[in-house]
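Chemist: I would like to see how this sequence folds:
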Amino acid sequence: MREGQKLGAARKLRRTQTDAERRLWQYLRAKRFEGIKFRRQVPLGPYVADFACFEHKVIIELDGSQHADGTSDATRDAALAKLGWRVLRF
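Modeler: Next comes the predicted model:
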């Protein structure tokens, strides 16, 4: 995916959040969680993370039924770990 395509995809995902993402964002936005800044739907390499904290290199992913197989998630998590990110999946 090209850089411009990732940005467009991230914008679309921000506009079409799931109910779970919308609810979690209410707790993470504006440094509401322990004063830590999170961003939502962030392009990172070839992926778009649901929520990311750059200061602590933590990604939070909210997985729905589309993630049932988990094999592509493991590949994605390994690639992000090589970049220094810790991924938390719920």
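
Chemist: grab the nearest non-local neighbour of Leu80.
Modeler: Spatial nearest neighbour of Leu80, excluding adjacent residues (C-beta to C-beta, 6 or more residues apart in numbering): Val87 at 5.7 Å. C-beta: built from backbone N, CA, C; applies to glycine.

Chemist: residue boundaries of the strands in this protein?
Modeler: Listed in chain order, the strands of the chain (DSSP state E) span residues 39-44, 47-53, 58-61, 86-89.

Chemist: only the buried residues of the last one, if you could.
Modeler: Translated: strand 86-89. For strand 86-89, a neighbour-count test (16 or more other C-beta atoms under 10 Å) marks Val87 as buried.

Chemist: how about the longest one?
Modeler: For strand 47-53, burial by neighbour count (16+ other C-beta under 10 Å) applies to Tyr47, Val48, Ala49, Asp50, Phe51, Ala52, Cys53.

Chemist: show me what it packs onto, helices and strands only.
Modeler: helix 3-15, helix 19-28, strand 39-44, strand 58-61, helix 71-82 (3 or more C-beta pairs under 8 Å, 6 or more residues apart in numbering; DSSP states H and E).

Chemist: and for the first one?
Modeler: Contact here means 3+ C-beta pairs under 8 Å, 6+ apart; on that basis strand 39-44 packs against helix 3-15, helix 19-28, strand 47-53.

Chemist: relative to strand 47-53, how tilted is it?
Modeler: 130 degrees (axes from the mean of the first three to the mean of the last three C-alpha atoms, to 10 degrees).

Chemist: give me the mean pLDDT for strand 39-44.
Modeler: Strand 39-44 carries an average pLDDT of 92.

Chemist: which ones are touching Gly84?
Modeler: Gly84 makes contact with Lys57, according to C-beta atoms under 8 Å, 6 or more residues apart in numbering.

Chemist: pLDDT score assigned to the residue nearest to Gln26 when sequence neighbours are not counted?
Modeler: Counting by C-beta to C-beta, 6+ apart, Gln26 lies nearest to Arg32, which is 7.8 Å off, once chain neighbours are set aside. pLDDT recorded at Arg32 is 93.
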